[in-house]
Every structure is written in structure tokens, then in C-alpha cells.
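1. Quick one, fold the following:
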Amino acid sequence: MLKAALLSVGIAIASSWLLPAAAQSSPPSEIPPEAPEVIEQTIPRLEPSVPLPELPAPLPEPSLQTPAPPPAEDALPEGTALPITSVEIVGFTVLQDEIAAALGEFEGVEAVVPFCDSVSDSMSADDSVIEGSDNQQSCGLRATVDPQRMTFATLVELRSAVTQLYIDNGYITSGAFLPNNQDLSDGDAQIQVVEGQLERIDVGGLNRLNDSYVRDRVELATDQPLNRDRLEEALQLLQLDPLLEQVNAELTAGTIPGQNVLRLNVQEAPSLQASVLTDNSQSSSIGSEQLSVSASYANLLGRGDRLTGGYGVTEGLDAYDVSYALPLNARDGTLTLRYGQDDSGIIEDELRDLDIDIRSESETISLGFRQPVVRSPEAEIALGLTFDLRRSQTFLNDEPFSFAVGPEEGESRVAVLRFSQEWVDRNATSVLAARSQFSLGIDAFDATINETGPDGQFLSWQGQFQWVQQLTPSRIVLVSQIGAQLTPDSLLSLERFSVGGVSTVRGYAQNQLVADNGIFGSVEARIPLTADANRLQLAPFFDIGSAWNNGDNPDPDPGAIASLGLGLRWQVTPDLAARLDYGIPLTEVEDRGNSLQENGIHFSIRYQPF
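-> Coordinates of the predicted model:
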């Protein structure tokens, strides 16, 4: 039902793409020459998919209570002499080389070799298998010993050494013992290994979230033999999950020896989250100061899904965005459906004085899947595949009108396949993050196709690299990032790269430079001013960027911009944060306006009530 509903919504929205556009209107007698550039700056850009990382909080220590290893069952008095010539160790599936090396160090042990009597006497170590298989019941390691030196005390030490190896390697519920009533007349003694395994996982404390969401993620770390380190890592990942507030775990003995029960007591995080933001991050031609609200609700279906919505408004802009994310597997592979729409109008006085009304409409439909392939509390590698339908149309006095080469009657449409690769590595003092994305524009869903000039068929690459490093012991944090887009094609406005503004080069207007290709870099030092390093920070910075076009499109003028500046970050309360940046432009640009943003001042205030 859910998939059918999502498909119906997607078809209903996509159908609007097939409607014919209205005819091109006749232009008024006088249009300011900068109008196309102004329009270019108002087209929504693809936001960076990897937000600038912060230093992580210390990783949560998993609350895992574990049982003691299985007790040894020694069958003979310790001082008894043993007329044996070999000791067999059976029942293990891991640590074969380590066990062989440990046994070889004992006095009286002459050689340690793998064996499997039911198959061959000449098996290599790699071929050795374990007792417990249906077809090969007597495989393991055989230690040849000197009967003059082998006592029961030595045999106990051998058994203890095997148990300690398991414990040292995190297999805390595994161990070795000497079976009772062994027949030693043939000169062979046996050490039996019992490897711990999980009998079941009990989950308690959940309200809306399904038990299977937690259980399936923990089960990934419970392969036999049960390993404490893998289990603790899985519990740390659960603790980092934004859906969960607290995770406590207890490992207890099961109904039979070697079996264990994992009891999880989980507290859910609040389902509803919301934030209110005011900043001046929009293009000044539609009103740079904006107010936006966003909210998300988790566990709508109890499967870890999340519904998110946002709305932003400026003097000339109305924008909203709705997305739904659904985890599809225990490794956090997530399907995301998103729809966004922007309606904007130019508010510049020069156009108003000429009684010229210029506005644009943009919308995006996106369906994507992201799958982590390597995931731990310290690192993650993920792959993603997304299909985007994007449309933008410009109007002059309420009639469709093209201000640039490429759009048809003011309308641009693209259908884009995007393949992304992400990598994050973090520790207590640094974070490294990188993202690569290839975008392929295809001739589908009525995409804009032209014989010459920009159209919807293209190939582009976007890359981002970000590094956050704490300079101990000063507590100063160095933040640097690089972003770029490269393409051999001429792109429609929807897919062009922008440089300028708070997220690229501060001190300049948002989208100051817009072109097919671009690159920017930023270095910032965050200097704490209070005992709490995150409460109040001074942030000097240097930003630089460049943009250029392909084909016959003229390059932006200037082609590169740079700035030096100073910022102030203030975490007023855990729910309220503010930031102020002042950038001094190092490259002059024409027609700098009078807004705060165009005079190098960028601000943001964010409040998260819940």
C-alpha cells in the first residue's frame, strides 16, 4: 500500500511536466541589461549534500553487562600423571593460528598440526574445519606431546590458554573445558571448545518504533562465536541513531551452555522535531532576509521512517519542501522521496519603476536510494543513486519569457541520474568528509533538448572535501572545505554552479558568480572565548572562488572572487544559536547593492524548540 501510494503521488506530480507551456510573450520596449543575470541568481541551486561537519561528541560507551566465561570442568586431580602422547583441541571456528601458536609455546609440546581424520591426514591449516559439522566431526588441532612431561596440571594450563585467547580477542562467552570420562588408553586427550552464540534478543522500552528495527541492527553483530567488540560497536551505532535516546544492554546465560540472551532496554527520542531560522542567505534580487520553519516527524509507520517539511519566505520568495525517508534494510539503506517548489519575483526598484514584473517558478521531484557499505562509529562509506526531475520557468508580466539561450518559452526541464559516493572518518579531534557525485542529464520526461547551446543532456561532476581539526591543547578548531563542479557541456541554469554567499565566499552577494564550472575553498579558525569551547567563538576566515563557462557563453566578470573576514558564533542555549560574519571583498564587483549581504554581512539565528 505504501509503495503504491508513493508511486501514485509521484505520477500525479510528474504528469504536470507533460503539459504544454504557454507561448512566448513579446518583450516590453525596455528591459534592463542586467535582467538575465538577476534571473540567473534566483534559480534554486543544488545544495551541498554533505553539510560542514562539526567535531563529534565523545562516542557513547555502550552499557553492556556481560556474564563470566563458562566454568571449566576439570575431570582429574591436578597432580595426576597422564600417559598421553597427543592433545586434540576441537570445537573452534576462529583463532586457529593463534591457538596453534599458543600451544606450541608450552614445554612438552613438540608439534601442533591440523587434523581431520574423516577426510585426510595431510590437510593444511587453511583446510582445517571444526567439530560440529554434519560431515566432518573430528577436525581440529592435534598437539604432539612428550608423555614424560605431560601432567594434568599442564593439560589444565593448555585449556586455560585456549580460554584466555578467546577472552583476549573479545569472545567473552566462549571457552574451553576438559570433557569428563575421557578414555586415555589410546594416548589421546581432548580439549573441547564451546563458542558462545546468541539464543535470542529481547527488546523492551519502545513505543512507536518496531522491535525489529532495533533487533535487526544488533543481529548484524551476533554471528557465532559472539564477540563483545562487534556487539559493543553495534550498540554504539544504535546509540548514535537519532531515533533513539538511550540504549542499555545486558547479556545473560541462555537455556543451554554456550547460549546467551541479549536483553535491550531502549528509550526512544522524541518523534517531533522543529526549528525556526532567520538569515540573509537568499539572493538580494528576491529579498535576502528570509524566515523559514521546518519540522520532521519520525516513526510515522514505526519503521524508522521520517516525514520532513519546510517553508521559507522572503519579500519575493515562497518556497516549500516535503520529503519522506524510509529505511529498507538493517544497514540503513534508505529510500527518499522529495518534492520542492519555489515561486519567486524580482523586487528590485529599477524594474518596479519601469512597471516590469519578472518572476520564476521552479520545482523538483526526487527519488533516491542511499546505502552505507562500510559503517562504524568512526567511519562510513556510502553509495547513492538518485533520479531528479527539475523544472524552472521564467515569466515577464505574467507571460512565459526566455531571458537566456536554452530555455524554451522561459521553461527549462531536466531529467537527471545522479550517482554519489560519500566517505566520512572521524575521531575525538578531527573529522574528514568527502563526497563525489556524477550527474547525467538524459532525454526523458520532456527534458529540454536543443540542437545547439545549453540543454538537458549533459554530464557533470561535483566534489566536496571538508576537514575539521582541533588544534590541541589550544582548543582552537580549524575548519576547511573545498567544493567544485566540472563539466564539458553548456548547462541550463538549473544545473549551473554558483559562487558567492555564506556557504561559499562570504563578503559577496548570494550566487555572485553563476557558471557551468566552478570551484571554491574556505579556511576558518574557531577560537573559543569562554570556558565552554562551544559557547562563544571568534572565527576569522579566508574564502576564495572562481567560475567559468563552456562554449559560447561569456564567463562571469570577474571570474574569481576572494574575501577575508571575521565571524562570531554564539550558542546561546542548547536550543538557540546565532552566527554573524563580516567579509571584506578582495575583488571588486560592479553594482554592489545596499543589502547587508551585499555589504559583506551575513547572519543567522536558529531556534529549535523541540
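
2. Domains in the chain, by residue range?
-> 26-59+270-607, 86-194 (automatic domain parsing).

3. is it possible to export those domains to TSV including mean pLDDT, distance to residue 222 and mean neighbour count?
-> Heads up, the C-betas are built off the backbone N, CA and C, glycines and all. Below are these laid out as TSV (pLDDT from 0 to 100; distance: least, CB to CB, whole Å; neighbours: other CB atoms under 10 Å):
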stretch	mean pLDDT	distance to residue 222	mean neighbour count
domain 26-59+270-607	91	12	18
domain 86-194	79	11	17
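
4. Take these and write them to TSV, including distance to residue 223.
-> Compiled in TSV, the domains of the chain are given as follows (distance: least, CB to CB, whole Å):
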stretch	distance to residue 223
domain 26-59+270-607	13
domain 86-194	10
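
5. Which of these sits closest to residue 207?
-> Among the domains of the chain, domain 26-59+270-607 comes nearest to residue 207, with 8.6 Å by CB to CB.

6. Ends of stretch 483-497, what's the gap?
-> By CA to CA, to the nearest Å, the extent of stretch 483-497 from end to end equals 10 Å.

7. follow-up on the earlier one: could you point out which of the domains of the chain sits nearest residue 217?
-> Of all the domains of the chain, domain 26-59+270-607 comes closest under CB to CB, at 5.0 Å.

8. From the chain's centroid, how far away is that closest one?
-> 18 Å (CA atoms, centre = their mean, to the nearest Å).

9. CA atoms only for the helix or strand that contains residue 602 - export them in CSV, please.
-> Element membership of residue 602, judged by DSSP states H and E, is strand 601-607. These are the backbone C-alpha positions of strand 601-607, laid out as CSV (Å, rounded to 0.1, in the frame of the first residue of the first chain):
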residue,chain,number,x,y,z
ILE,A,601,27.4,41.0,6.4
HIS,A,602,25.9,37.5,6.8
PHE,A,603,23.8,36.5,9.8
SER,A,604,21.7,33.6,11.0
ILE,A,605,19.6,32.8,14.1
ARG,A,606,18.2,29.3,14.6
TYR,A,607,15.9,28.2,17.3
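
10. What is it packed up against?
-> strand 272-279, strand 576-585 (3 or more CB pairs under 8 Å, 6 or more residues apart in numbering; DSSP states H and E).

11. Distance to residue 436 added to those strands, as JSON lines?
-> Shown next, in JSON lines, are those (distance: least, CB to CB, whole Å):
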{"stretch": "strand 272-279", "distance to residue 436": "28"}
{"stretch": "strand 576-585", "distance to residue 436": "28"}
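
12. Next up, the contacts around residue 270.
-> Taking CB atoms under 8 Å, 6 or more residues apart in numbering, we find residue 270 in contact with residue 610.

13. For it, pull up the helix or strand it's in.
-> Going by DSSP H and E, residue 270 is not part of any helix or strand.

14. sec struct for residue 164, please.
-> helix (DSSP: H, G, I helix; E, B strand; the rest coil).

15. Could you shift the numbering so residue one becomes 6, and keep it that way?
-> Shifting the count to begin at 6 puts that one at residue 169.

16. Residue 159 versus that one, what's the distance?
-> 15 Å (CB to CB, to the nearest Å).

17. what's the answer for residue 316, then?
-> Taking CB to CB, one finds residue 316 at 76 Å from residue 159.

18. May I have the strands that pair with the strand holding residue 607, each with its orientation?
-> strand 277-284 (antiparallel), strand 581-590 (antiparallel) (DSSP bridges).

19. For stretch 90-108, what is the distance to the chain centroid?
-> With CA atoms, centre = their mean, you get 41 Å for stretch 90-108.

20. what about that stretch, how long is it end to end?
-> Termini of stretch 90-108 sit 14 Å apart (CA to CA).

21. Also stretch 179-198?
-> Using CA to CA, the distance between the terminal residues of stretch 179-198 is 7 Å.

22. how far out from the middle of the chain is it?
-> 50 Å.

23. How about stretch 201-217?
-> Using CA atoms, centre = their mean, the offset of stretch 201-217 from its chain centre is 25 Å.

24. Of all the residues in it, which ones are buried?
-> By 16 or more other CB atoms under 10 Å, the buried positions in stretch 201-217 come out as 201, 202, 203, 206, 208, 210, 211, 214, 216.

25. Quick check: phi and psi on the last one?
-> When quoted as degrees, to the nearest 10, the phi and psi of residue 216 stand at phi -60, psi -40.

26. Look up how far residue 244 lies from the closest residue to it other than its chain neighbours.
-> In this structure, residue 216 finds its nearest non-sequential neighbour in residue 208, 4.3 Å apart by CB to CB, 6 or more residues apart in numbering. Distance from residue 208 to residue 244, counting by CB to CB: 15 Å.

27. before we move on, what about residue 461?
-> Relative to residue 244, and taking CB to CB, residue 461 is found at 45 Å.

28. Which SSE is immediately downstream of the helix or strand where residue 92 lies?
-> Element membership of residue 92 [criterion: DSSP H and E] is strand 91-95. Using DSSP H and E, the helix or strand that follows strand 91-95 towards the C-terminus is helix 101-109.

29. other SSEs contacting that following helix?
-> When contacts are defined as 3+ CB pairs under 8 Å, 6+ apart, helix 101-109 packs onto strand 91-95, strand 114-121, strand 144-150, helix 157-173.

30. Go again with 6 Å.
-> Judged by 3 or more CB pairs under 6 Å, 6 or more residues apart in numbering; DSSP states H and E, helix 101-109 is in contact with strand 114-121, helix 157-173.

31. Same list, these, but as TSV with distance to residue 565 please.
-> Shown next, in TSV, are the helices and strands packed on helix 101-109 (distance: least, CB to CB, whole Å):
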stretch	distance to residue 565
strand 114-121	67
helix 157-173	58
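
32. Which of these sits closest to residue 196?
-> helix 157-173 (5.1 Å).

33. CA atoms only for that closest one - export them in CSV, please.
-> C-alpha atoms of helix 157-173 as CSV (Å, rounded to 0.1, in the frame of the first residue of the first chain):
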residue,chain,number,x,y,z
PHE,A,157,47.2,-33.0,34.4
ALA,A,158,48.4,-29.6,35.5
THR,A,159,49.9,-28.9,32.1
LEU,A,160,46.7,-30.1,30.4
VAL,A,161,44.7,-27.6,32.6
GLU,A,162,47.2,-24.9,31.6
LEU,A,163,46.6,-25.7,27.9
ARG,A,164,42.8,-25.5,28.4
SER,A,165,43.2,-22.2,30.3
ALA,A,166,45.4,-20.8,27.5
VAL,A,167,42.7,-21.5,24.9
THR,A,168,40.1,-19.9,27.0
GLN,A,169,42.2,-16.8,27.6
LEU,A,170,42.8,-16.5,23.9
TYR,A,171,39.1,-16.3,23.3
ILE,A,172,38.6,-13.7,26.1
ASP,A,173,41.5,-11.6,24.9
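
34. nearest spatial neighbour of residue 548, skipping sequence neighbours?
-> residue 510 (4.2 Å).

35. which ones are touching that neighbour?
-> Going by CB atoms under 6 Å, 6 or more residues apart in numbering, residue 510 touches 504, 525, 548, 550, 566, 568.

36. Sweet, I'm off.
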